[in-house]
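**Q** Predicted model, plus sequence, below.
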Amino acid sequence: MERYIIAIDQGTTSSRAIIFDAAARIVSVGQLEHEQYFPHPGWVEHDPVQIWENVRRVVGAALAKAQLTRTDIAAVGITNQRETAIVWDRHTGVPVHRAIVWQDTRTQDAVDALAADGGVGRFRQQTGLPLATYFSASKVAWILDQVPGARARAEAGDLLFGTPDSWVLWNLTGGPGSGVHATDVTNASRTLLMDLETLDWDAGLLELFGIPASMMPVIRSSSEVYGSVHASQLLAGVPVAGILGDQQAATFGQAAFSAGGAKNTYGTGCFLVVNTGTQIVRSNNGLLTTLAYRLGDAAPVYALEGSVAVAGSLVQWLRDSLGMISSAAQVEELAAQVQDNGGVYIVPAFSGLFAPYWRPDARGVIVGLTRYANRCHIARAALEATAFQVREVLDAVNADAGVSMEELRVDGGMVANEALMQFQADILGVPVIRPKVTETTALGAAYAAGLAVGFWESLEQLGEQWEEEKRWEPAMEAAEARKLLRLWKKAVTRTFDWVDEDVR
C-alpha cells in the first residue's frame, strides 16, 4: 500500500496542510487564511485558537481532496512562522493573549533598555542574535507583565509558552493532560533564549527577561518522533516526527544539506539562509547565526541568515491598505507596463529595517516621486524593493562567508512573479533558479518527518529528488545595476532616525 507524509505549514498569513508522496510530489493541499490584527501602530497579532481550528480544517481538506485517511499517512511534519509568541494555560489550553507576531514592535522600549548596557550585540555570543523586537523573549515578557495575573500564573507553573510549532504539536497530541510541550532547535534558536552551543535554554537570559523555566518547551531535534496524534483528531495515532522553523524548512526542502548550500524564500518577508555545516559562524555584517537543523542525535548543523521583514506583505499592503490593486497578481501586470521604476523607490521599513541594518528607528518611505510617476512605477518599485533587499543581504553573506555565491535557489509565493525573478537575477548578477517543487517549506518539514520514520532513507536520496524548473540569467548591464543599487542605498538612508522618543 502506498503511503504519504503530511506537512502542516502554519504560516504568517495562512495555515496549510500538504500531502507528499515518496517522490516528493504534491498530492493535495488544504489552505485557510487567518485574521491579522493591528490594534496599534507597530502591533501585529493573531488568534491562536483560530490558527488551531484552521490547522484542523486544512488537514481534513487535504485528506478529503486526496481521498486518504490516517492509515495512509506515515508521519506528520510541522513547519511554522518563527518568533511569534503564544502563552496559554496548561490546564485549559486557553491562550492568555493573542499571539504576538514576529513583525510586532511593541517591545522596542524594553529592548532599548537592555541594549543600553552592552549594545544590541549584548547576547550575540550566546544566541547568535541581536537584541531586537523580532525575537520571542521580549514578547513573552510583555505578556507576563501586561496581562493581569499572568505573571503569578506563570510562576505557579500554570502557563506554557511556545512558538506556533509548539502550539500545534501540543494540541495535536492531546492538549490539556497529554499534549507534548516541545520545540525543535531551529525554533528555539529564534527566541533569544537558547544557547547556540549547549542547545538548551540559557538560565541567565530566562532570569533577565523574567520568564519562568517551567513555561518553556523541551528542546528536541528537528527529526524524531515527538509523540502521536491524539485519538480525537483525524490523524489519530500517526506519529508527529518533524519540526523545522519555516526558513530552515525551506532550506531543507531545497536540499541545501552541505556547508555553502543556500536558498532565498520570498514570502511575507524574505529570508536568505546559508548552511555553514557544524561550524558556528558569527556574523560581522548584520546576519543572524542560527540552527539549520539537527537530525536525531547527529551533530547540529548551523546557518547564517539574512532576514528581510517586508517582501510579499508590501504587495499585500498595496492591495489591502491602499486599494491600489485588487489582487497580488495585478502588481506584475502594472509593473510590466513601464520600462523602469521612473525614479521611484519604496523602502518598506514598516517594522524598522532588519538585516543587514537592524535599525528599529527606521520607517517606510516612498522617494523619487515626480508628476511623471504613476501607479505602474509604484508597482514596479514595490517589486524591486524585494530584490534590492535581497542583494544587500547576499552581499553580507558573501562578506561573512568569504566567498561569492554563484547562484541563488529560490522559493516561496513570489517566485511565480517572472518580472521580479528576472530583476533579481539582474541586480544580483548571478543566476536565479526555481525548483520544480516550490512548496519547499512544507517539503522540508515532510522530509524531516519522513527521515525519522524511515519513509526516506537518507539525505543523499532527498538530494537526488531536487529538480530545477526554471533559471533566470542576468541580462542587465553591470553599470546600470550599480546605479540602481546606489540609488536604492540612498533611499534606505532616508528611512533612518524617523522614530523619536515621542513617536513610535
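**A** Looks like it came in fine.

**Q** C-alpha from now on. contacts and neighbour counts both.
**A** OK.

**Q** Now do the strands in the stretch 301-450 of the chain.
**A** 301-308, 345-347, 365-367, 408-411, 432-435 (DSSP state E, counting those that start in this stretch).

**Q** May I see those strands arranged in TSV, with mean neighbour count, mean pLDDT and distance to residue 374 as well?
**A** Below are the strands of the stretch 301-450 of the chain laid out as TSV (neighbours: other CA atoms under 10 Å; pLDDT from 0 to 100; distance: least, CA to CA, whole Å):
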stretch	mean neighbour count	mean pLDDT	distance to residue 374
strand 301-308	26	89	26
strand 345-347	26	95	13
strand 365-367	16	95	13
strand 408-411	23	89	30
strand 432-435	22	92	29
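
**Q** Nearest to residue 14, out of those strands?
**A** strand 408-411 (16.8 Å; CA to CA).

**Q** Could you export that closest one as CSV, CA atoms only?
**A** This file holds the C-alpha atoms of strand 408-411, laid out as CSV (Å, rounded to 0.1, in the frame of the first residue of the first chain):
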residue,chain,number,x,y,z
LEU,A,408,20.6,31.5,-5.8
ARG,A,409,17.9,28.9,-5.3
VAL,A,410,14.6,30.5,-4.7
ASP,A,411,11.1,29.5,-3.4
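
**Q** Provide the strand pairings for it, with the direction of each partner.
**A** If you go by DSSP bridges, strand 408-411 pairs up with strand 262-266 (parallel), strand 432-435 (parallel).

**Q** got JSON lines for the ones you listed, with distance to residue 30 too?
**A** Formatted as JSON lines, these follow (distance: least, CA to CA, whole Å):
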{"stretch": "strand 262-266", "distance to residue 30": "20"}
{"stretch": "strand 432-435", "distance to residue 30": "21"}
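
**Q** For the helix or strand containing residue 62, name the packing helices and strands.
**A** Per DSSP states H and E, residue 62 falls inside helix 48-66. Contacts defined by 3 or more CA pairs under 8 Å, 6 or more residues apart in numbering; DSSP states H and E place helix 48-66 against strand 4-10, strand 14-20, strand 26-33, helix 164-172.

**Q** one more time with 10 Å, if that's ok
**A** Helix 48-66 sits against strand 4-10, strand 14-20, strand 26-33, strand 86-89, strand 99-100, helix 164-172, with contacts defined as 3 or more CA pairs under 10 Å, 6 or more residues apart in numbering; DSSP states H and E.

**Q** from those, which stretch is densest packed?
**A** strand 4-10 (a mean of 29; mean count of other CA atoms under 10 Å).

**Q** quick one on the thing from earlier: buried stuff in the helix holding residue 62?
**A** 48, 51-52, 54-63 (16 or more other CA atoms under 10 Å).

**Q** out of those residues, who's nearest residue 16?
**A** Once CA to CA is applied, the member of the buried residues of helix 48-66 that ends up nearest residue 16 is residue 58, at 5.9 Å.

**Q** ok so, going back, may I see the buried residues of helix 48-66 organised as CSV, with distance to residue 436 added?
**A** Formatted as CSV, the buried residues of helix 48-66 follow (distance: CA to CA, whole Å):
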residue, distance to residue 436
48, 33
51, 29
52, 30
54, 27
55, 26
56, 28
57, 27
58, 23
59, 24
60, 26
61, 24
62, 21
63, 23
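
**Q** Now tabulate those residues in a markdown table and tack on pLDDT.
**A** Below are the buried residues of helix 48-66 laid out as a markdown table (pLDDT from 0 to 100):
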| residue | pLDDT |
| --- | --- |
| 48 | 98 |
| 51 | 98 |
| 52 | 98 |
| 54 | 97 |
| 55 | 97 |
| 56 | 96 |
| 57 | 97 |
| 58 | 97 |
| 59 | 97 |
| 60 | 96 |
| 61 | 97 |
| 62 | 97 |
| 63 | 96 |
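
**Q** re the thing from before, need the strands of the stretch 301-450 of the chain in JSON lines with distance to residue 154, can you?
**A** Formatted as JSON lines, those follow (distance: least, CA to CA, whole Å):
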{"stretch": "strand 301-308", "distance to residue 154": "31"}
{"stretch": "strand 345-347", "distance to residue 154": "40"}
{"stretch": "strand 365-367", "distance to residue 154": "41"}
{"stretch": "strand 408-411", "distance to residue 154": "39"}
{"stretch": "strand 432-435", "distance to residue 154": "45"}
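
**Q** returning to that earlier point: identify whichever of the strands paired with strand 408-411 lies nearest to residue 389.
**A** For these, the distance to residue 389 is smallest for strand 262-266, at 11.2 Å, taking CA to CA.

**Q** before we move on, back to that, closest to residue 441 out of the strands of the stretch 301-450 of the chain?
**A** strand 408-411 (8.4 Å).

**Q** Give me the distance from the closest one to the chain's centre.
**A** 15 Å (CA atoms, centre = their mean, to the nearest Å).

**Q** contacting residues around it?
**A** For strand 408-411, contacts defined as CA atoms under 10 Å, 6 or more residues apart in numbering pick out 250-251, 253-254, 256, 261-267, 271-272, 394, 421, 424-425, 428, 430-441, 468, 471.

**Q** out of these, which are buried?
**A** 250-251, 253-254, 256, 261-267, 271-272, 394, 421, 424-425, 428, 430-435, 437-441, 471.

**Q** In helices only, show me these.
**A** Here DSSP state H is the test, and the buried ones among the contacts of strand 408-411 give 250, 251, 253, 394, 421, 424, 425, 428, 440, 441 as lying in helices.

**Q** nearest to residue 173, of those residues?
**A** Nearest to residue 173 among these is residue 441, at 22.2 Å by CA to CA.

**Q** OK, contacts around residue 464?
**A** Neighbours of residue 464 in contact, by CA under 10 Å, 6+ apart: residue 255.

**Q** On the three-state scheme, it is what?
**A** Per DSSP: H, G, I helix; E, B strand; the rest coil, the secondary structure class of residue 464 is helix.

**Q** Going forward, the N-terminal residue is numbered 629.
**A** In the new numbering, first residue 629, that becomes residue 1092.

**Q** any idea how far it lies from residue 740?
**A** 47 Å (CA to CA, to the nearest Å).

**Q** about what we covered before: any chance of the ones in helices among the buried ones among the contacts of strand 1036-1039 in TSV, with pLDDT too?
**A** Output for these, formatted as TSV (pLDDT from 0 to 100):
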residue	pLDDT
878	90
879	91
881	92
1022	87
1049	94
1052	95
1053	95
1056	92
1068	89
1069	91
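
**Q** how many neighbours does residue 767 have?
**A** 28 (other CA atoms under 10 Å).

**Q** thought it was touching residue 737?
**A** No. Counting by CA atoms under 10 Å, residue 767 does not reach residue 737; the two are 11.9 Å apart.

**Q** Overlap of the contact sets of the two?
**A** Shared contacts of residue 767 and residue 737, counting by CA under 10 Å, 6+ apart, come down to residue 761.

**Q** circling back to that earlier point, can I get the helices and strands packed on helix 676-694 in TSV including distance to residue 671 and mean pLDDT?
**A** Below are those laid out as TSV (distance: least, CA to CA, whole Å; pLDDT from 0 to 100):
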stretch	distance to residue 671	mean pLDDT
strand 632-638	20	97
strand 642-648	18	96
strand 654-661	19	95
strand 714-717	15	98
strand 727-728	8	98
helix 792-800	18	98
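
**Q** Any chance of CSV for these, columns distance to residue 874?
**A** Listed next are these as CSV, based on distance: least, CA to CA, whole Å:
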stretch, distance to residue 874
strand 632-638, 8
strand 642-648, 12
strand 654-661, 16
strand 714-717, 17
strand 727-728, 17
helix 792-800, 10
